[in-house]
Structures are given as C-alpha cells and as structure tokens.
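Chemist: Structure, please.
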Amino acid sequence: MELHITGDPAADQLLTDDAFALLTGMLLDQQVTMESAFAGPEKIRSRIGSIDPAAVAAYEPEAFVEVFKERPAVHRFPGSMAARVQALAETVQQEWNGDATQIWTQGGPDGKEVLRRLQALPGFGEQKAKIFLALLGKQCGLSAQGWREAAGHYGQEDAFLSVADIVDPESLVKVRASKQAAKAAAKQARG
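Modeler: Just a heads-up that it's a prediction; the model follows:
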C-alpha cells in the first residue's frame, strides 16, 4: 500500500508508513484542501522531530500552536487544530498504547466496532469516522468484516466521494467534482 494524497512524496510516504500520521491527516481534513490537511503531519514531524503520539501529546501546548502557525501553516485554524491534534495524540497514547493501528486491529474488531472506536476519538464525528474507515478498507488493507457496510456510501466500490478514493491525479479530479456537486446540492436544498 502506498498512498498518493498530498502531491508531496515525503508527506505521502509518512502517511503510508505511519498510522498516527494518517489519522492526524484525517483529523486536519476540514476547512482546508485534502492535500493541505494530509500534508500537515509531515510539517509537524519536520518541525518537532517526531509525529509519535507520545511526543505530540507531551509538547508544550502554546509552543505546539506556534508549530502550526509557522509558514507554510499546518492548518488555517492553528489554535483549535493544534489542541485537537494533541488531544488525539493523548488518546492514542493512553487508550491504544501509542499505537494507532490498535484502533482497527486490537481484538479483531468488525467494521461496526472499528467505526465505533474511530467515533470515540477526539475530533472524529460520524462522517469523518466513516471516511477514515473507508480509507483503511480501500487503501490500507483493512479486512474487518463488514467494513464497507459500516463506512456507508464511502465504502462503495468505484465511488469517488472522499480521500478514501484518491489513488492518482485522475481520481483526485473525480473526488473534487463529486464534493463540489454535493456542496451545490446542499446549498440548493437550503434554498
């Protein structure tokens, strides 16, 4: 498995190699482009020397906000997102022994249980958890029974709805188009 989300080989390699980096990228994926969100973990790693949950959780909070503000910024909302990343790191460190992969592997959980565990993480609502579950299943080799059903429409084969479906520049264009169509439909529904 090799992820191609950011257009930056170093950032994509970190996402491929480090489950916590991938989880952090998903957390950051709001109010910014997908590429920018998923490039965030590499920016953090290069600035503090680690993306390990223990190191991130232990980093002095005000200094961590400054890490987020450094140009190019990790996120357009540095204060709130730095706090969320640290809360996620603390949860992974305390509840999952610092190993993000345990969230989806410990005890051989089915898709529903993986979704429940993801939704219990700071900053992961239902939609974000379903998208991340689809990403695990479609690109990261997750074989938990029922993951597609638990991921809802994000788990469908040949859907181009989210980061879970981006494997190359062509699929990125398709995902962007479907997101724009969804936004337009939502705006029209609000009237």
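
Chemist: got the buried residues for the longest helix belonging to the chain?
Modeler: Counting by DSSP state H, the longest helix found in the chain is helix 169-190. Of the residues in helix 169-190, L172, V175 count as buried by neighbour count, 16 or more other CB atoms under 10 Å. To be clear about C-beta, it is placed using only N, CA and C from the backbone, and glycine gets the same treatment.

Chemist: Any chance you could list what contacts it?
Modeler: The contact list for helix 169-190 (CB atoms under 8 Å, 6 or more residues apart in numbering) reads M34, F160, L161, S162, V163, D165, I166.

Chemist: Which of these lies at the shortest distance from Q93?
Modeler: V163 (24.5 Å; CB to CB).

Chemist: and the spatially most central residue of the chain, what element?
Modeler: When CA atoms, centre = their mean is applied to the chain, the residue found nearest the centroid is M26 (1.4 Å). Under the criterion of DSSP states H and E, M26 resides in helix 19-28.

Chemist: Give the rounded mean pLDDT of that helix.
Modeler: Across helix 19-28, the average pLDDT comes to 98.

Chemist: Start at 896, not 1
Modeler: Okay, residue one is now 896; in that scheme the one you just asked about reads as helix 914-923.
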